[in-house]
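J.: let's see this in three dimensions:
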Amino acid sequence: MGHQKDHKEPISGLPESEEEWLQKLGPESFAIMRKQGTERAFTGAYWDTKEAGSYRCKGCGEVLFFSDSKFDSGCGWPSFFAPASESIVKEREDLSHGMHRVEVICSACDSHLGHVFTDGPAETGLRYCINSACLDFRKA
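T.: Below is the predicted model:
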């Protein structure tokens with residue numbers, strides 16, 4: 001896709017306490033990004049965005065996804081078939097709510113973003129289902 005960059009060192013100047021994270025993110029994004037919550041389907045700002053640009057982590061500003069990997073999965077959350085780079089997101093097993101899922105986390109600030117599933121389009125077969133409240137969109 002031509003947009004890949006390798007993630008380097010952790011970003012300095014990030015909040016250190018939960019109170020600082022709450023102040024930086026606001027209540028909704030804090031509940032999702034720091035407490036592994038989720039927004040309701042079809043309510044987030046970016047689930048239906050079709051403009052060209054980049055989707056950055058609301059916690060640290062790192063580019064997580066590009067619009068050329070976004071697709072309409074019908075799930076009600078922004079869906080992408082690949083992250084901006086392989087190292088910008090990390091995955092962790094999630095057994096909460098009686099399900100077996102794979103959680104997606106920002107590598108730079110350790111914030112919860114959503115989950116990844118293996119029912120995506122042919123490009124990768126993956127569907128990164130990401131909460132809009134975790135993202136800041138910047139037009140190309």
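J.: residue 54 versus residue 124, what's the distance?
T.: 18 Å (Cβ to Cβ, to the nearest Å). The way it works is simple: take the backbone N, C-alpha and C, and place the C-beta from them, glycine included.
J.: and the spatially closest residue to residue 79 that is not a sequence neighbour, what does it touch?
T.: Nearest residue to residue 79, sequence neighbours excluded (Cβ to Cβ, 6 or more residues apart in numbering): residue 73, at 3.8 Å. Residue 73 makes contact with 79, 120, 127, 129 under the criterion Cβ atoms under 8 Å, 6 or more residues apart in numbering.
J.: what score does the third one have for pLDDT?
T.: Residue-level confidence at residue 127 comes out at 97, pLDDT.
J.: the lowest-mean-pLDDT helix or strand in the chain pairs with which strands, and in what direction?
T.: Within the chain, confidence by mean pLDDT, DSSP states H and E is lowest for strand 89-94 among all helices and strands, at a mean of 90. Applying DSSP bridges to the sheet, strand 89-94 is found paired with strand 101-106 (antiparallel).
J.: buried ones in the partner strand?
T.: Buried residues in strand 101-106, counted by 16 or more other Cβ atoms under 10 Å: 101, 103-106.
J.: for residue 87, give its distance to residue 136.
T.: 20 Å.
J.: let me see the contact set for the residue nearest in space to the middle of the chain.
T.: In the chain, the centroid-proximal residue (Cα atoms, centre = their mean) is residue 113; its distance is 3.8 Å. When contacts are counted by Cβ under 8 Å, 6+ apart, residue 113 touches 33, 57, 64, 89, 104-106, 128, 130-131, 134.
J.: and whatever helix or strand it lives in, how far out from the chain's middle?
T.: Using DSSP states H and E, the element containing residue 113 is strand 112-117. Computed by Cα atoms, centre = their mean, to the nearest Å, the chain-centroid distance of strand 112-117 equals 7 Å.
J.: could you check the angle that strand makes with strand 101-106?
T.: 140 degrees (axes from the mean of the first three to the mean of the last three Cα atoms, to 10 degrees).
J.: show the subsequent helix or strand relative to strand 112-117.
T.: Following strand 112-117 toward the C-terminus (DSSP H and E): strand 127-130.
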